[in-house]
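Participant: What follows is a predicted protein model with its sequence.
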Amino acid sequence: MSLLALVLLLSACGTGTVDQNSTGIWSRYIVYYFGEAIKGLSFGNVGVGIILFTIIIRIILLPLMHFQTKSMRKTQELQPKIKALQEKYSARDTATQQKMQAEQKKLYAENNVNPYIGCLPLLVQMPVMMALYQAILRVPALSQGQFLWLNLSEHDQFYILPVLAAVFTFLSTYLSSMSQIEVNASVKIMNFAMPVMIFVMALNLASGLTLYWVISNAFQVVQTLLINNPFKIRQERRAEAKRIRDKERALEKAKNPKKKKKK
């Protein structure tokens, strides 16, 4: 969904060339200086600049991503209770729906969860990531030159970058979905649709842009494993479920102690 929103925003902001003579706050003072920063980190090779600046931006945004991940996880933990409320108030009349909304708000308040605050970091990240993307797209100097086997102004003739972009996109979305308690059909579809879409788009895009996708999604995979490791989360949930079962068994035994056998 973030990528789709990015595409819509890109189409609204234009795709013309950006240089020091450009007009408008977005193009002249944001996209242009992002491009200058990339060139400053290039050390004679634009590919190096794209990689370094992408990593720096992702590191700067890491605290926001961590906050967003924590907020989303707290919301996900409440999903079974939310689902139970939806089943309890399944009638579609206005009064029932109002009761359900009131119960949901009460549940969120009791658990100190705001289901909307997790979106705020995304609203901050999107303009930054969009500016980085547009700098690579619209600053001529960033779409020229060689990097490894790549001509940055042309698509990867060996299809290595498109494959890597698709693989890292899949790993990123799949690892994120693994931490969810319940994965609906739309999420499962997106897990496979997004990599395919990225792969098809990367086949025709300049290698400089595809290189950005590869580095950004690879960073996302590492970030997920570090701050929202789905394997660790699943293990914690299994341990918590076992603790609850053991507690229930202990209570059951306390209520119904076995009679001592007669000698």
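Facilitator: Arrived safely, thanks for sending. Remember, predicted model here, so these are calculated numbers, not experimental data.

Participant: where does the chain have low pLDDT?
Facilitator: 1-15, 115-125, 181-184, 258-263 (pLDDT under 70).

Participant: Which residues in the longest helix along the chain does the neighbour count mark as buried?
Facilitator: Ranked by residue count and defined by DSSP state H, the top helix of the chain is helix 230-255. By neighbour count with 16 or more other CB atoms under 10 Å, helix 230-255 contains the buried residues 230, 233. Yep, even glycine has a C-beta here, placed from its N, CA and C like the rest.

Participant: And for residue 83, the neighbour number?
Facilitator: 12 (other CB atoms under 10 Å).

Participant: Just the element for it, please.
Facilitator: Element membership of residue 83, judged by DSSP states H and E, is helix 79-88.

Participant: Counting neighbours, which bits of stretch 23-37 end up buried?
Facilitator: Those would be 26-27, 30-32, 34-35, 37, for stretch 23-37 by 16+ other CB under 10 Å.

Participant: ugh, wrong one, stretch 212-219
Facilitator: 212-219.

Participant: How about residue 82: what's its closest non-neighbour residue?
Facilitator: Leaving out its chain neighbours, the residue that sits closest to residue 82 by CB to CB, 6 or more residues apart in numbering is residue 104, at 6.4 Å.

Participant: Distance check, that neighbour against residue 79.
Facilitator: In this view, residue 104 and residue 79 are 11 Å apart by CB to CB, to the nearest Å.

Participant: likewise residue 154?
Facilitator: 46 Å.

Participant: burial count for the closest residue to residue 47 other than its chain neighbours?
Facilitator: Spatially, and ignoring its direct neighbours in sequence, residue 47 is nearest to residue 147 (2.6 Å; CB to CB, 6+ apart). By the criterion of other CB under 10 Å, residue 147 has 18 neighbours.

Participant: what's residue 147 in contact with, if anything?
Facilitator: By CB atoms under 8 Å, 6 or more residues apart in numbering, the residues touching residue 147 are 45-48, 207, 211.

Participant: could you dump the residues you listed to TSV with secondary structure, distance to residue 185 and neighbour count?
Facilitator: Shown next, in TSV, are the contacts of residue 147 (DSSP: H, G, I helix; E, B strand; the rest coil; distance: CB to CB, whole Å; neighbours: other CB atoms under 10 Å):
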residue	secondary structure	distance to residue 185	neighbour count
45	coil	44	15
46	helix	42	25
47	helix	39	18
48	helix	42	14
207	helix	35	27
211	helix	33	26
